[in-house]
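Trainee: test case, fold it:
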Amino acid sequence: MNTIAALDEEGGTLSGATHGAARTSGRRTSEPVRFVALGDSLTEGIGDPIADGWRGWAALLARSPAPPRAAVEFTNLARSGALTTDLTAEQLPAALALRPQLAAVVAGGNDTLRSGFDVARTARALDTVLGRLTDGGALVLTACLPDPGTLLRLPGPLARPLARRMRAVNTVVHSLSARHGGVHLHIADLPWTAERQLLSVDRLHPSAEGHHLIARAFHGLLAEAGRPLGPAPVPEPVEPPPGTLADVWWMATRGTRWVVDRSTDLLPGLLALAAVEGCARLRGGTLRQDEQMARATGTALAALGTPGALAAPGPEVRPAEGGEGRVPSGT
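Mentor: This next block holds a predicted model:
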């Protein structure tokens with residue numbers, strides 16, 4: 001558990017709080033709304049620094065999922081580097097113990113950055129998490145994510161395998177969100193590459209402004225769903241963005257370690273994928289790679305009994321352009 005935050009009147013975190021409620025003006029009129037966030041570094045808040053750590057979109061949203069004069073108890077269980085299987089093993093039991101009425105589950109990006117990526121394993125883990133939370137009475141928030149190759153502007157042979165994997169995971173998330181009645185945000189459709197200020201210095205995580213954009217987008221979807229809400233998060237952070245020196249210092253002290261930790265596992269497999277991709281492209285066989293992932297994704301969802309597993313669920317999710325399914329290390 002990386003961050004457990006209580007929010008103050010202005011939306012900042014209260015240093016040292018271990019569990020708490022968003023403060024509201026006036027007398028409270030109902031029991032607090034319990035909001036729990038599960039996921040990886042995106043939901044942990046990396047890219048949105050505050051004095052004592054990270055804030056992030058979930059903490060920004062946490063002042064909003066209750067009507068005026070009602071408190072919100074917010075707990076952030078997200079952890080940098082978490083896989084979907086980590087959610088089932090570590091974060092889900094803690095979340096269920098809190099009996100949330102609202103639960104954010106945004107994960108799967110790290111799965112695509114592993115040499116042993118298996119879309120069926122990812123689908124099973126996410127189905128377990130979403131199912132257990134909704135069975136416990138929570139409304140779940142889910143999201144489709146942009147692929148890291150596009151954000152990092154990787155060359156085609158490296159970017160295409162990652163894009164296939166991300167589209168597969170997004171297809172799974174979209175289908176399972178519909179199955180479990182979730183509120184689903186197409187984060188991948190937000191203008192990350194067109195508006196560079198929305199990304200942090202590492203180009204993989206949202207900046208503070210990007211986190212605010214995600215929080216406001218979820219608030220809008222909850223409002224459309226008819227949920228009683230407080231005011232929307234402000235459009236932009238009140239804090240000034242970190243300067244160039246601060247960005248460089250973060251990348252040198254923390255960001256580089258983040259990349260190295262993942263490259264130890266990812267890089268050999270990714271380079272092998274790039275070699276396979278290059279050969280397939282020379283033979284005109286990239287479509288076969290796409291079809292293999294499409295079949296693997298459809299099979300994974302069908303095994304879970306998800307209706308419409310092969311239907312294209314959204315503009316950024318194209319199952320017919322899937323990927324390689326399960327890719328053992330070095331293949």
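Trainee: may I have stretch 152-163 as PDB, with CA atoms only?
Mentor: C-alpha atoms of stretch 152-163 as PDB (Å, rounded to 0.1, in the frame of the first residue of the first chain):
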ATOM      1  CA  LEU A 152       7.800   7.100 -26.300                       C
ATOM      2  CA  ARG A 153       7.900   7.500 -30.100                       C
ATOM      3  CA  LEU A 154       9.700   4.200 -30.500                       C
ATOM      4  CA  PRO A 155      10.700   3.000 -34.000                       C
ATOM      5  CA  GLY A 156       8.100   0.800 -35.700                       C
ATOM      6  CA  PRO A 157       9.700  -2.600 -35.100                       C
ATOM      7  CA  LEU A 158       9.700  -1.900 -31.300                       C
ATOM      8  CA  ALA A 159       6.400   0.000 -31.200                       C
ATOM      9  CA  ARG A 160       4.200  -2.400 -33.200                       C
ATOM     10  CA  PRO A 161       4.500  -5.400 -30.800                       C
ATOM     11  CA  LEU A 162       3.800  -3.100 -27.800                       C
ATOM     12  CA  ALA A 163       0.800  -1.600 -29.600                       C
END
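Trainee: now stretch 153-172: mean pLDDT?
Mentor: Average pLDDT, stretch 153-172: 87.
Trainee: okay, now the unreliable bits of this structure?
Mentor: Scanning the chain for pLDDT under 70 picks out 1-30, 237-286, 307-331.
Trainee: so where do the helices sit in the stretch 101-250 of the chain?
Mentor: Assigned by DSSP state H, counting those that start in this stretch, the stretch 101-250 of the chain shows helices spanning 109-112, 119-135, 148-152, 156-179, 208-224, 244-250.
Trainee: for Leu190, find the nearest of those helices.
Mentor: Leu190 lies closest to helix 208-224 among the helices of the stretch 101-250 of the chain, at 6.1 Å (C-beta to C-beta). C-beta coordinates here come from the backbone N, C-alpha and C atoms, glycine included.
Trainee: now for the closest one, which elements pack on it?
Mentor: Judged by 3 or more C-beta pairs under 8 Å, 6 or more residues apart in numbering; DSSP states H and E, the packing partners of helix 208-224 are helix 57-61, strand 183-186.
Trainee: alpha carbons only: can I get that helix in PDB?
Mentor: What follows is helix 208-224, C-alpha atoms only, in PDB (Å, rounded to 0.1, in the frame of the first residue of the first chain):
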ATOM      1  CA  ALA A 208      -0.100  17.100 -13.100                       C
ATOM      2  CA  GLU A 209      -2.200  18.600 -15.800                       C
ATOM      3  CA  GLY A 210      -2.700  15.200 -17.400                       C
ATOM      4  CA  HIS A 211      -3.900  13.800 -14.000                       C
ATOM      5  CA  HIS A 212      -6.400  16.600 -13.700                       C
ATOM      6  CA  LEU A 213      -7.700  15.800 -17.200                       C
ATOM      7  CA  ILE A 214      -8.300  12.200 -16.200                       C
ATOM      8  CA  ALA A 215     -10.000  13.100 -13.000                       C
ATOM      9  CA  ARG A 216     -12.300  15.500 -14.700                       C
ATOM     10  CA  ALA A 217     -13.100  13.000 -17.400                       C
ATOM     11  CA  PHE A 218     -14.100  10.400 -14.800                       C
ATOM     12  CA  HIS A 219     -16.200  13.000 -13.000                       C
ATOM     13  CA  GLY A 220     -18.000  13.700 -16.300                       C
ATOM     14  CA  LEU A 221     -18.800  10.000 -16.800                       C
ATOM     15  CA  LEU A 222     -20.000   9.600 -13.300                       C
ATOM     16  CA  ALA A 223     -22.300  12.600 -13.700                       C
ATOM     17  CA  GLU A 224     -23.700  11.100 -17.000                       C
END
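Trainee: contacting residues around it?
Mentor: Helix 208-224 is contacted from outside by 45, 47-49, 55-58, 60-61, 64-65, 104, 141, 143, 183-185, 187, 190, 192, 197-200, 206, 229, 232-237, 239, 241, using C-beta atoms under 8 Å, 6 or more residues apart in numbering.
Trainee: of the residues you listed, grab the buried ones for PyMOL.
Mentor: Selection of buried members from these for PyMOL, criterion 16 or more other C-beta atoms under 10 Å:
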select buried, resi 45+47+48+49+55+56+57+58+60+61+64+65+104+141+143+183+184+185+187+190+192+198+199+200+206+229+232+233+237
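Trainee: among the contacts of helix 208-224, which ones are in strands?
Mentor: Assigned to strands by DSSP state E, the following of the contacts of helix 208-224 qualify: Pro49, Ala104, Leu141, Ala143, Val183, His184, Leu185.
Trainee: excluding chain neighbours, what is closest to Val33?
Mentor: Spatially, and ignoring its direct neighbours in sequence, Val33 is nearest to Ala66 (4.1 Å; C-beta to C-beta, 6 or more residues apart in numbering).
Trainee: tell me the contacts of Leu60?
Mentor: Taking C-beta under 8 Å, 6+ apart, we find Leu60 in contact with Gly11, Asp48, His211, His212, Ala215, Pro233.
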